[in-house]
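Asks: Mind looking at a prediction? Sequence and model below.
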Amino acid sequence: MKKVGILGGTFNPPHLGHLIMANEALHSTGLDEVRFMPNYIAPHKEVSGATAAHRLEMTRLAVMGHDKFQVEDFEIRQGGVSYTFDTVKKLIEREPDTEFYFIIGGDSIEGLPTWYRIDDLAKIIRFIGIRRPGYLHDTIYPVLLIDSPELHLSSTMLRDRVAEGGTISFLVPEKVEAFIRKERLYGSKYDD
Ligand SMILES: Nc1ncnc2c1ncn2[C@@H]1O[C@H](COP(=O)(O)OP(=O)(O)OP(=O)(O)O)[C@@H](O)[C@H]1O
Ligand SMILES: O=C(O)c1ccc[n+]([C@@H]2O[C@H](COP(=O)([O-])O)[C@@H](O)[C@H]2O)c1
């Protein structure tokens, strides 16, 4: 059976933390591939500064050149609020011969009790957890917490940096940085 990790996110923008967590999950648990899946409407998050199409394109640019990283555009094509239970159920129906894992960071681990139909979701998918600075990683749900370097980096920090004209080099892939500049996302004031 093919083992596929889904890294669901808002990716506003995607950053090195996402690439590192995908790579660590891939190698620690013997996944065949990791699919980065941008949501359409994030269930628990206000999203501003970039459209769903921008976030999808930046996710494509972020994984470019990495053999085992793909982009899953299922939730963007589906539209509406992206509840993980609904998505995973449909992915399993679409690919019955694939074993799916859902990769989440520390903040998401703590948020699991608030997810839509979490008890049902926990029965149909396994979670792989990545530690994130500032979170306890305690949960009643079965999460396979893997050893990984912890990175104090978030999309929020990057959006703030761009708005203030600060540097985001080495924190996002070069192609993502170029896209943010070209599209003038996040109140970008760069003058090239
Ligand atoms: N530095 C990090 N360490 C561990 N997990 C992370 C890190 N950054 C993001 N994640 C995880 O990646 C998934 C997708 O994250 P998301 O796209 O919302 O990025 P974010 O940096 O948390 O965004 P924002 O700052 O806008 O809330 C979530 O499960 C989140 O917990
Ligand atoms: O299904 C839910 O209720 C739910 C609640 C919060 C987050 N999620 C999903 O978890 C992933 C990470 O969420 P976020 O908000 O950190 O980008 C992303 O795929 C979200 O759609 C899902």
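Replies: Ah, there it is. Ligands and ions are numbered 1, 2, ... in the order given.
Asks: So which elements touch the top helix by length along the chain?
Replies: The longest helix of the chain (DSSP state H) is helix 16-29. Applying 3 or more CB pairs under 8 Å, 6 or more residues apart in numbering; DSSP states H and E, we find helix 16-29 packed against strand 2-9, strand 33-38, helix 52-63, strand 98-105, strand 126-130, strand 143-146. C-beta here means a position set from N, CA and C on the backbone, and glycine is covered the same way.
Asks: Touching, Ser69 and Thr59? I think so.
Replies: For residue 69 the amino acid is Phe, not Ser. No. Between Phe69 and Thr59 there is no contact under CB atoms under 8 Å: 9.7 Å.
Asks: What is the burial count for whichever residue of the chain sits closest to ligand 1?
Replies: Taking CB to the nearest ligand atom as the measure, the chain has Gly105 as its residue closest to ligand 1, at 2.2 Å. Gly105 has 23 neighbouring residues, counting by other CB atoms under 10 Å.
Asks: List the residues that contact it.
Replies: By CB atoms under 8 Å, 6 or more residues apart in numbering, the contact set of Gly105 is Gly17, Met21, Gly129, Ile130, Arg131, Arg132, Tyr135.
Asks: Equivalent analysis for Leu112, please.
Replies: Shown in contact with Leu112 (CB under 8 Å, 6+ apart): Ile104, Ile118, Phe127, Thr139, Tyr141, Val143.
Asks: Many thanks, I have nothing further to ask.
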